[in-house]
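*Asks:* With the sequence up front, the predicted model follows.
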Amino acid sequence: MRRVALLPPRLRRPVSALLLSLGLALPAPAALADAPAGILTVTAPWEVSSLDPARHGYVFTRLQIAETLVDVDKAGGLVPGLAEGWQVDAAGVVWTLTLRRGVLFHDGTPMTAETVAAALRTAAAKPGPLASAPLESIAVGGPETVVIRLKEPFAPLLATLAGTAAQILAPASYGPDGTVTQVIGTGPFRLTEVKPPQSLAAERFDRYWGQPAGVGKMTYLAAGRGETRAMMAESGDADVVYTLDPASRQRLQRNPAVTVQALPLPRTVSVKLNAGDPALSDLRVRRALALAVDRGGIATGLLREPGSAAGQMFPPGTGDWPLPEGLPLRADLTQAAALLTEAGWVPGSDGLRSRDGKPLKLTLRTFPDRPELPVIATALQAQWREIGVDVAVSVGNSSDVPAGHRDGTLQMALMARSFGLVPDPLVTALQDFGPGGGDWGAMNWSSPAMEQALATLKRGTDPATATGLRQTVSRILLAELPVIPVSWYQQTVAVSKRVSGLTLDPYERSYRLSEVTWVR
Amino acid sequence: MGALINGPLPRLLLARAGQAVLVAVMVGVLTFVLVRALPGDMAYRIAAGRYGFDWVSTAAAEAVRQDLGLDQPAPLALLAWLWDLLRLDLGQSLVTGQTVAEEVGHQFGHSLLLAASAAGLSLLIGPPLGALAGLRPGGVLDRGLLLVAVLMRSVPPFTVGVVLILLLSVQARLLPAAGSGSLAHTILPMLTLALCLAAVSARVSRDAVAGVTASAFYTFGRTKGLGGGLVFWRHGLRNAGVPVLTYFGVQFVGLVEGMVVIETLFAWPGIGHALVHAVVARDVPMIQGAALAMGLFVVAMNTVIDVVCALLDPRGGPS
């Protein structure tokens, strides 16, 4: 293994000597780091702060402890999960789901139509994607069928059933008031210990209905700092480490003991604009702002991933949503400046623009939950300054964005919007660009053509028409710019060579750890 | 000891108990008022904490508002909390739904374990080295120690932690880099904190010892014929001990409350981390519970240090 040259050789001995002189009796070198035999150790930034599927339940889906009726295959397509199959009536409002037989919960009780219907009803009563579907009722249709009735056709229903909030948990998981007190799922791993917010442990569930897990035991540790995760991969403490910062990723790629994998995620760093703002209501201003963004520079310089520059909202990997064309990846300052002048915003002696004595001043809100967001915000601030737009950056809480949308005070927000919260980008698009816009999408902007396209997609249509409509949605977003795309995300993972068989899920729904085996 | 029990001790303990009650009420009321006074809509903040930034929306915030009855007038909510406190019920976290007592117990326990072991280790490193240096002010050890102490203090604990992980975990592969749950996991964060603490306590001990050895009574001890070791044991240690111990108390309290950075670096479940998250998410019961635990801990530590100092120096403080 390659050693990190932390200290020059002539200093190493004095430093060790110093540590020893401080009275530290260190244990003799042992195989401590060579993984406690048979326990797969996984590290990611996501804390286990709640057992409730509607809250941080994605951790339990990712670790394959809890499962959903519908699953996603490696190409991102919907496939049977705990439901073996499904049918929808001609009107598109009655969905009949046939449940898989012989599925046991981790407490040994069988999964029945009653338990599934109850779990779905609980999920539908909490905020989340299932609640956004026009549900009328969820009922038991027979010993092995569950019937979901809708008020109107809703094509992405199966995708919402694949969302982590729609996990099927055993009745014993719920307390008397419907809160989740323990996670008793059906997955290949059974939860043995949870220590919120940092860690959990699980073991292979031997009576799993599908292919049993390749490793017997697993532990998960939430480590918030990128440095910590990288050092855990480097020291061999963790076998699988998710989400690497750019610098660590480059270092780990040179480490012969681990392999680094990456896959584009359907998550887009974008700027939400208040199209009702006096300045931003002018498409020329929105276009000028979009053209002044140096996407390539942000991708290469800040994210160190040249492929992450986003010329449009929908990233690669989201099927037929992305267009072949997009915004330029390099800033076009000349055209941006010309557009602003055309819109009546002329530069003053300090280079900053104003119209009728009113300066072009805007506030960009963002939040630190994704550490790169504040950094990208200041880069945008500098780039927009070049065309004479005075932008103040305000870093606050993520909820300031929906709150500002609601009370109308928001001008611009830099966010990291996921189109993969359920495995169909339509669900996010409906929330963000439908009539009236959305908390994390358009604001004071509407487009009849967009509404019509989304409405048809929501009702469901033949595949060829659907492809055309998805492209229409992307084209309208590009032309009218209610949101400005900046960059895309990549899922990155460092995997120890002690294990093999790990693959990445395009929707980051599952870590697919059950397919991992030890290298003999 | 007997003199202490018949003298100032009961009065001291009684005063401290009263202080504890006062701290509990003050912390509760203050955190309540401060959280309410913070800008931003609580329901949105709690929703962001509960559902994460991908799911926080106006709908989620409204669900939170209904669920928690956030519309009820603030004085009523405060009275409800005080009533619960009287019944020793700290309530439930607004974000996770777990009981505050359980969460604070788990996280405060881990912080306390780490802080106590780090402080203990720092006592083995700092004061002995400092005392040796103080016995020969200006000597090689004294000057060397000053250099090391200044170096250690000027490097942030986060960096010390990263260096230790790189040395002992990534390079030497002796210890796990992060996590908790075993003795091996405790060593690196403990060592990081202990080294940073020892850097200062070594200086304090050195000055205390140098002060005592320069005093008239110490010189008298030497002149009356006691050997170097004996005079230090009889007249030096106890006198130098009072400031060192007092300082140790301050350090220890500061440690429990201030090691957020170390907790985050080592993915250690601690109260600092919990409190920061609770403040961001406006999780009022968790803030109150965590602040209460810390407040009472300060009172308890002060009491312990006072008692030990009184045992060391029974002459009584300035009246």
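*Replies:* Received, thanks. Numbering: from 1, shown residues only, chains lettered A, B, ... in the order given.
*Asks:* drop to CA atoms for contacts and neighbour counts, all remaining ones
*Replies:* Fine.
*Asks:* and after the lengthiest helix in chain B, which helix or strand comes next?
*Replies:* Counting by DSSP state H, the longest helix found in chain B is helix B:100-135. Downstream of helix B:100-135, the first helix or strand assigned by DSSP states H and E is helix B:140-154.
*Asks:* quick one: contacts of that following helix?
*Replies:* B:129-130, B:132-134, B:136, B:160, B:195-196, B:199-200, B:202-203 (Cα atoms under 8 Å, 6 or more residues apart in numbering or on different chains).
*Asks:* Also stretch B:21-34?
*Replies:* By Cα under 8 Å, 6+ apart, the surrounding residues in contact with stretch B:21-34 are B:78, B:82, B:284, B:287, B:288, B:291, B:292, B:295, B:296.
*Asks:* CSV for the residues you listed, including pLDDT and neighbour count?
*Replies:* Converted to CSV, the contacts of stretch B:21-34 look like this (pLDDT from 0 to 100; neighbours: other Cα atoms under 10 Å in any protein chain shown):
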residue, pLDDT, neighbour count
B:78, 81, 15
B:82, 81, 18
B:284, 84, 24
B:287, 89, 27
B:288, 87, 26
B:291, 87, 23
B:292, 88, 22
B:295, 86, 19
B:296, 88, 19
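*Asks:* Give me the subset of the residues you listed lying in strands.
*Replies:* Using DSSP state E, no member of the contacts of stretch B:21-34 falls in strands.
*Asks:* ok, back up a step: closest to residue A:245 out of the contacts of helix B:140-154?
*Replies:* residue B:160 (20.5 Å; Cα to Cα).
*Asks:* and that closest one, that's in a helix?
*Replies:* Yes. Assessed with DSSP: H, G, I helix; E, B strand; the rest coil, residue B:160 lies in a helix.
*Asks:* which residue packs closest to it, ignoring adjacent ones?
*Replies:* residue B:192 (6.2 Å; Cα to Cα, 6 or more residues apart in numbering or on different chains).
*Asks:* Name the SS class of that neighbour, please.
*Replies:* Going by three-state DSSP: residue B:192 is helix.
*Asks:* Residue A:366: how many residues sit nearby?
*Replies:* 27 (other Cα atoms under 10 Å in any protein chain shown).
*Asks:* before we move on, back to that, could you redo the contacts of stretch B:21-34 as a markdown table and give each row distance to chain A?
*Replies:* Converted to a markdown table, the contacts of stretch B:21-34 look like this (distance: Cα to the nearest Cα, whole Å):
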| residue | distance to chain A |
| --- | --- |
| B:78 | 25 |
| B:82 | 25 |
| B:284 | 16 |
| B:287 | 16 |
| B:288 | 18 |
| B:291 | 19 |
| B:292 | 20 |
| B:295 | 23 |
| B:296 | 24 |
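*Asks:* Show me just the buried residues among the contacts of helix B:140-154.
*Replies:* Neighbour counting with 16 or more other Cα atoms under 10 Å in any protein chain shown marks B:129, B:130, B:132, B:133, B:134, B:160, B:195, B:196, B:199, B:200, B:202, B:203 as buried within the contacts of helix B:140-154.
*Asks:* what's near enough to touch residue B:157?
*Replies:* Residue B:157 neighbours (Cα under 8 Å, 6+ apart): B:192, B:193, B:196, B:261, B:262.
*Asks:* if I look at the residue nearest to the last one when sequence neighbours are not counted, how far off is residue B:189?
*Replies:* Distances taken as Cα to Cα, 6+ apart put residue B:158 closest to residue B:262, at 6.2 Å, once the chain neighbours are dropped. Residue B:158 sits 10 Å away from residue B:189, going by Cα to Cα, to the nearest Å.
*Asks:* Of these two, which one has the most company?
*Replies:* Counted by other Cα under 10 Å, residue B:158 and residue B:189 do not tie: residue B:189 has more neighbours, with 29 against 19.
*Asks:* what about the chain, any weak spots by pLDDT?
*Replies:* The chain I'm using is chain A. Judged by pLDDT under 70, chain A has its weakly predicted residues at A:1-37.
*Asks:* could you do chain B instead?
*Replies:* B:1-7, B:256-258, B:316-319.
*Asks:* residues shared between the contacts of residue B:158 and residue B:189?
*Replies:* In contact with both residue B:158 and residue B:189: residue B:262, using Cα under 8 Å, 6+ apart.
*Asks:* mind checking which helix or strand the nearest residue to residue A:413 once chain neighbours are set aside is in?
*Replies:* Excluding its sequence neighbours, the residue lying closest to residue A:413 (Cα to Cα, 6+ apart) is residue A:365, at 4.5 Å. Secondary structure assigned from DSSP H and E places residue A:365 in strand A:361-366.
*Asks:* Now do the strands in the stretch 301-450 of chain A.
*Replies:* Under the criterion DSSP state E, counting those that start in this stretch, strands of the stretch 301-450 of chain A are mapped to A:346-347, A:353-355, A:358-359, A:361-366, A:390-395, A:412-418.
*Asks:* ok, and the closest non-adjacent residue to the spatially most central residue of chain A?
*Replies:* Per Cα atoms, centre = their mean, the C-alpha nearest to the average position across chain A is that of residue A:418, at 5.0 Å. Counting by Cα to Cα, 6+ apart, residue A:267 is the residue found nearest to residue A:418 once chain neighbours are left out, at 4.0 Å.
*Asks:* What residues does that neighbour make contact with?
*Replies:* A:315, A:416, A:417, A:418, A:419, A:420, A:488, A:489.
*Asks:* What about those, which one has the most neighbours?
*Replies:* residue A:488 (28 neighbours).
*Asks:* ok, residue A:408 - how many residues close by?
*Replies:* 14.
*Asks:* do residue B:164 as well
*Replies:* Using other Cα under 10 Å, residue B:164 has 19 neighbouring residues.
*Asks:* Do I have it right that it meets residue B:193?
*Replies:* No. Here residue B:164 does not reach residue B:193: they are 11.0 Å apart, not a contact under Cα atoms under 8 Å.
*Asks:* ok so, going back, now the two most distant members of the contacts of residue B:157.
*Replies:* Farthest pair in the contacts of residue B:157, by Cα to Cα: B:196 and B:261, 13.1 Å.
*Asks:* ok, now how distant is whichever residue of chain A sits closest to chain B from residue B:262?
*Replies:* Going by Cα to the nearest Cα, chain B is nearest to residue A:235 of chain A, at 4.1 Å. Residue A:235 sits 19 Å away from residue B:262, going by Cα to Cα.
*Asks:* can you check residue B:56 too?
*Replies:* With distances taken as Cα to Cα, residue B:56 is found 29 Å from residue B:262.
*Asks:* okay, those two: which has more neighbours?
*Replies:* residue B:56 (27 against 23).
*Asks:* need the residues of the stretch 401-520 of chain A near chain B, please.
*Replies:* Residues of the stretch 401-520 of chain A found near chain B (Cα under 8 Å from any Cα of the partner chain) are A:402, A:403, A:406, A:417, A:418, A:421, A:439, A:440.
*Asks:* which of these has the most neighbours?
*Replies:* Highest neighbour count within these: residue A:440, with 28 neighbours (other Cα under 10 Å).
*Asks:* what's near enough to touch it?
*Replies:* So residue A:440 contacts A:272, A:401, A:402, A:415, A:417, A:432, B:57 (Cα under 8 Å, 6+ apart).
*Asks:* run the last query once more with 7 Å
*Replies:* By Cα atoms under 7 Å, 6 or more residues apart in numbering or on different chains, the residues touching residue A:440 are A:402, A:432.
*Asks:* Leaving out sequence neighbours, find the closest residue to whatever residue of the stretch 51-200 of chain B ends up closest to chain A.
*Replies:* Residue nearest to chain A within the stretch 51-200 of chain B: residue B:170 (4.1 Å; Cα to the nearest Cα). Among residues not flanking residue B:170 along the chain, residue A:235 sits closest, at 4.1 Å (Cα to Cα, 6+ apart).
*Asks:* where's stretch A:197-214 relative to the chain centroid, distance-wise?
*Replies:* What separates the centre of stretch A:197-214 from the centre of its chain is 23 Å, taken as Cα atoms, centre = their mean, to the nearest Å.
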